[in-house]
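Chemist: sequence and predicted structure are below.
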Amino acid sequence: MQVRMTAKPGAGDPLADLLLQAAAALRDDPRCLLYVVSRVTGEPDVILITEAWSDREAHDASLRTEAARALIAEARPLIESSEAVEIEPAGKPL
């Protein structure tokens with residue numbers, strides 16, 4: 001999955017910090033194969049999240065944890081818009 005989040009003006013840094021906390025919390029979850037938080041050059045309030053999970057249920061379950069719900073509640077007021085796109089690899093990595 002790839003998610004493009006646009007923070008409210010000036011809220012890019014605190015939103016990125018919360019998303020990095022989420023990434024750190026997922027380190028010990030073997031179902032989370034990848035969780036990368038990126039910033040868009042020249043757009044300080046735009047953040048990209050690239051995620052890979054063992055399956056859809058693993059992703060959905062991760063959002064139901066108490067820690068995830070707390071981070072989501074804290075992040076929600078900082079977010080102006082969010083667009084998620086489910087993706088799949090086109091082939092094997094090089």
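Modeler: Structure's in. What do you need?
Chemist: tell me the buried residues in the longest helix anywhere in the chain?
Modeler: The longest helix of the chain (DSSP state H) is helix 12-25. Going by neighbour count (16 or more other C-beta atoms under 10 Å), the buried part of helix 12-25 is Gly12, Leu15, Ala16, Leu18, Leu19, Gln21, Ala22, Ala23, Ala25. C-beta here means a position set from N, CA and C on the backbone, and glycine is covered the same way.
Chemist: next one: stretch 69-85
Modeler: So for stretch 69-85, counting by 16+ other C-beta under 10 Å, buried means Leu71, Ala75, Leu78, Ile79.
Chemist: ok, whatever helix or strand comes next after the longest helix of the chain: who's next to it in the sheet?
Modeler: Later in the chain than helix 12-25, the nearest helix or strand by DSSP states H and E is strand 32-40. Strand pairing for strand 32-40, determined by DSSP bridges: strand 43-53 (antiparallel).
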